[in-house]
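Asks: When you get a sec, could you give me coordinates for this:
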Amino acid sequence: MASTQAVFLLAAAALLSGAAARRAYQKKPSSAPSIIFILSDDLGYGDYEGSDGTFPVTPQGGAGRLSTPHIDRMAKNGMRFLQSYSGPICAPSRSTLMTGRHMGHTTIRGNDGSYSALQPDDPGVAKVLQETHVTALFGKWGLGDVNTTGAPLAQGYDVFFGQDTQVGCHNWYPDGLVGRLMDGNAPHPVPENKDATFATCGPKIEKCKWSNDMYGEAAVEFIHAHHDVPFFIYLSTTTPHEGYLGSASGGQVNPVPWPVMGEFAGKPWPERERNFTAAVTAQDNVVGDVLDAVDAAGIAERTVIFFAGDNGPAPGQHDTHFYDSNGPFAGWKTSVMEGGIRQTVVVQWKGTVPAGAVNRDHIFAFWDFLPTAADIAGAPLPAGIDGLSAYSALTDPNAVAPENRMLYYEFCWTGVLNTQAKVDATYGLEGERPIVYGDGWTQAVRLGDWKMYRTNQDNTTTKLFNVSLAGDYAETTDVAAQHPEVVEEIAAVMAREHSDSAFWPAATPENPTCCSNCYARTGCAAPCLNPVA
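Replies: The predicted structure follows:
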């Protein structure tokens, strides 16, 4: 990451460092721990060393498990929550993480925040922590563009350095980033990336600056500048999500700079797998740099660090069999089946979280992060959240989920890969099991050991599985006909947990069209709307 130093000094040193930055922040005195959440983009369950074999991962590409020594170092120094849940796609996953609300209540329920930004009255992790912690966001946001109600500074962040728009994050070599302070706007040009192409960046991309290196470097500098006060860092990378240099049609996918790319250049693997491996390795290096910075600052025992991916593996990006990206689960990104939303959340807090611990029974949903962070900081909880604090489970690997813990999802998607022919026609998914539901607005509820799906509120489409550790977590056998009482109970939960959204309207058998994605502030075709804010 030394290659980013020059651009960081030009673009961000004044933004972040030392006493000048601290003078801008008036915080209540606090001895609370600092908190860091590192979020990866499109990292599947099997794409990092998070699983201990409880949910088996069986790579078929000949390369073995994808090595992520720094994430594994976090796990060895902390705890892995094996039953963790994200969202099914980028923006709603991040919306649940930030607001503490599940997908029936959170503002953003599809991609992305340019269309339906977070609102002023939405709860937020940074809002909860801002009284006592210096709050910083580095990297991808996607929950509201700058100058909207969802912009990072409007949502509790003191510092923002990154890319605000979802689609803009696909450009891994932007010629400018966004920097915002409480007291003004500061765009940050990256002249090295002006009109970037493979020709201008050099054969090893040595002349250009990778966005994720800049985010990681900014986080490291922030840690050193604020090591003696409580801080909250949300480090949201854009890797291994499909990224480009120049344009999507201009070259290879996931072009990571050397020396990381060079580690895999000679491997006898398809180019997509070499590039994907390099992208995950570079993500792992960012994690390592943060861990090193915390250790070097002498604050490891008063800093809680979380790591997770934001959804399952992206269909068509690379061969999911190569590293067994969705593990033993069915589904992938854009689905609310287990393979689309299962993660391992890794937590390190030296001296408090037991080292090398594995929790197999506690359910950690993304919307649990806000109340967990509030408990860590001793901050009051905002009203109207759905998450449950995992604070007590951080010290107890044997902690179990509350009886009949409920997780609620709703998500619109068309082109669902729900037949074997559709699955087999998608690169990298050949032979995977199809999605069990069809196109439209699908609700999914996990209630205790049960998981049920229903599309367009049509009870004739229900599918029910026992997804417990000892049950059918691979979702192979629909048992809805055998358990009508469970189907009825969960149907009532689905009705109760949905709140109407003008931006993301529910669908019915009579009106089956729903709004899945919208990337424009001016709105999209009905039933998507023109935004009011």
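
Asks: Against Gly104, how distant is the closest residue to Pro402 other than its chain neighbours?
Replies: Using CB to CB, 6 or more residues apart in numbering and skipping the chain neighbours, the partner closest in space to Pro402 is Leu388 (6.9 Å). Bear in mind the C-beta positions are built from the backbone N, C-alpha and C, glycine included. In this view, Leu388 and Gly104 are 16 Å apart by CB to CB, to the nearest Å.

Asks: Ok, Ser40 next?
Replies: Ser40 is 25 Å from Gly104, by CB to CB.

Asks: ok, now Gly61?
Replies: For Gly61, the distance to Gly104 - CB to CB - is 38 Å.

Asks: Ok, Val358 next?
Replies: 30 Å.

Asks: Between the two, which has more neighbouring residues?
Replies: Gly104 (21 against 16; other CB atoms under 10 Å).

Asks: Test my guess that the more buried one contacts Tyr408.
Replies: Yes: at 4.9 Å, Gly104 and Tyr408 qualify as touching, with contact defined as CB atoms under 8 Å.

Asks: Name the residues contacting each of those two.
Replies: Common neighbours of Gly104 and Tyr408 (criterion: CB atoms under 8 Å, 6 or more residues apart in numbering): Glu497, His498.

Asks: the strands in this protein, which residues?
Replies: 34-41, 79-85, 134-140, 159-163, 176-181, 184-189, 231-240, 303-309, 342-348, 357-365, 406-413, 440-447, 450-455, 463-466 (DSSP state E).

Asks: pLDDT below threshold where in the stretch 251-400 of the chain?
Replies: 251-252 (pLDDT under 70).

Asks: repeat for the chain
Replies: Within the chain, the segments meeting pLDDT under 70 span 1-24, 180-186, 247-252, 531-533.

Asks: swap the cut-off to 80 and go again
Replies: By pLDDT under 80, the low-scoring segments of the chain are 1-26, 50-52, 112-113, 178-187, 246-252, 530-533.

Asks: What count of nearby residues applies to Cys90?
Replies: Residues near Cys90, counting by other CB under 10 Å: 29.

Asks: now swap in Gly176 and tell me
Replies: The number of residues near Gly176, taken as other CB under 10 Å, comes to 15.

Asks: ok so, going back, reformat the strands of the chain as CSV; add distance to Leu97.
Replies: Shown next, in CSV, are the strands of the chain (distance: least, CB to CB, whole Å):
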stretch, distance to Leu97
strand 34-41, 7
strand 79-85, 11
strand 134-140, 12
strand 159-163, 16
strand 176-181, 20
strand 184-189, 25
strand 231-240, 9
strand 303-309, 9
strand 342-348, 11
strand 357-365, 9
strand 406-413, 14
strand 440-447, 18
strand 450-455, 21
strand 463-466, 25
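
Asks: Skipping adjacent residues, who's closest to the spatially most central residue of the chain in space?
Replies: The residue lying closest to the centre of the chain (CA atoms, centre = their mean) is Asp310, at 2.3 Å. Among residues not flanking Asp310 along the chain, Ser93 sits closest, at 4.5 Å (CB to CB, 6+ apart).

Asks: Could you give the number of residues near the one you found?
Replies: 28.

Asks: That one: what's it in contact with?
Replies: Per CB under 8 Å, 6+ apart, neighbours of Ser93: Ser86, Gly87, Asp310, Asn311, Phe366.

Asks: How much space separates Cys524 from Cys514?
Replies: When Cys524 is compared with Cys514 (using CB to CB), they lie 12 Å apart.

Asks: the more surrounded of the two?
Replies: Cys514 (25 against 15).

Asks: Could you count how many residues lie near the nearest residue to that one once chain neighbours are set aside?
Replies: Setting aside the residues directly before and after it, Cys514 is nearest to Cys412 in space (CB to CB, 6+ apart), at 3.6 Å. Here the count is done by other CB under 10 Å, and Cys412 has 23 residues near it.

Asks: residue ranges of the helices in the stretch 1-150 of the chain, please?
Replies: Assigned by DSSP state H, counting those that start in this stretch, the helices in the stretch 1-150 of the chain fall at 5-11, 13-16, 18-22, 69-77, 90-99, 125-129.

Asks: cool, and the stretch 401-533 of the chain?
Replies: Shown for the stretch 401-533 of the chain, the helices assigned by DSSP H, counting those that start in this stretch span residues 420-424, 484-497.

Asks: Let's have those helices in CSV, adding mean neighbour count.
Replies: Formatted as CSV, the helices of the stretch 401-533 of the chain follow (neighbours: other CB atoms under 10 Å):
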stretch, mean neighbour count
helix 420-424, 13
helix 484-497, 15
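
Asks: Need those in CSV (columns: distance to Gly50).
Replies: Shown next, in CSV, are these (distance: least, CB to CB, whole Å):
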stretch, distance to Gly50
helix 420-424, 25
helix 484-497, 28
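
Asks: Can you tell me which of those helices is nearest to Tyr173?
Replies: Closest to Tyr173 of the helices of the stretch 401-533 of the chain is helix 420-424 (CB to CB; 33.2 Å).

Asks: so what secondary structure elements neighbour the closest one?
Replies: Using 3 or more CB pairs under 8 Å, 6 or more residues apart in numbering; DSSP states H and E as the contact test, no helix or strand touches helix 420-424.

Asks: Tell me how many other residues surround the spatially closest residue to Ala365 that is not a sequence neighbour.
Replies: In this structure, Ala365 finds its nearest non-sequential neighbour in Tyr85, 4.5 Å apart by CB to CB, 6+ apart. Neighbour count for Tyr85, taken as other CB under 10 Å: 24.

Asks: Show the contacting residues for Tyr85.
Replies: So Tyr85 contacts Ile341, Arg342, Gln343, Ile363, Phe364, Ala365, Phe366, Leu407, Arg446 (CB under 8 Å, 6+ apart).

Asks: mind redoing it with 7 Å?
Replies: By CB atoms under 7 Å, 6 or more residues apart in numbering, the contact list for Tyr85 reads Ile341, Arg342, Gln343, Ile363, Ala365, Phe366, Leu407.

Asks: Would you mind confirming that the second one is in contact with Gly331?
Replies: It stands for Arg342. No: counting by CB atoms under 7 Å, Arg342 sits too far from Gly331 to count as a contact (8.7 Å).

Asks: tell me, what's touching those two both at once?
Replies: Shared contacts of Arg342 and Gly331, counting by CB under 7 Å, 6+ apart, come down to Gly312.

Asks: gap between the residue nearest to Pro402 and His102?
Replies: 11 Å.

Asks: If you count surrounding residues, which of those two has more?
Replies: His102 (26 against 20).

Asks: Count the residues that sit near Cys518.
Replies: 22.

Asks: That one contacts Leu529, correct?
Replies: No: counting by CB under 7 Å, Cys518 stays clear of Leu529, with 8.5 Å between them.

Asks: Would you enumerate the residues in contact with Leu82?
Replies: Ser51, Thr54, Phe55, Thr344, Val358, Asn359, Arg360.

Asks: which residues touch the third one?
Replies: What it means is Phe55. Counted by CB under 7 Å, 6+ apart, Phe55 has contacts Leu82, Gly327, Pro328, Tyr473.

Asks: Show me the two of the residues you listed that sit farthest apart.
Replies: Leu82 and Pro328 (11.6 Å).

Asks: Show me what Phe138 is bridged to.
Replies: Phe161, Leu235 (DSSP bridges).

Asks: separation between it and Val358?
Replies: 29 Å.

Asks: what's the answer for Ala308, then?
Replies: From Ala308 to Val358 the distance is 15 Å (CB to CB).

Asks: now do Lys140
Replies: 29 Å.

Asks: cool, Met79 as well?
Replies: 7 Å.

Asks: Now list whatever residues contact both of the two.
Replies: Joint contacts of Met79 and Val358 (CB under 7 Å, 6+ apart) are Pro397.

Asks: Wait, Asp41 touches Glu242, no?
Replies: No: judged on CB under 7 Å, Asp41 makes no contact with Glu242 at a distance of 9.3 Å.

Asks: Looking only at neighbour counts, state which of the two leads.
Replies: Asp41 (26 against 20).

Asks: Who is the more buried one paired with across the strands?
Replies: If you apply DSSP bridges, the partners that Asp41 bridges to are Pro240.

Asks: Alright, calling it a day.
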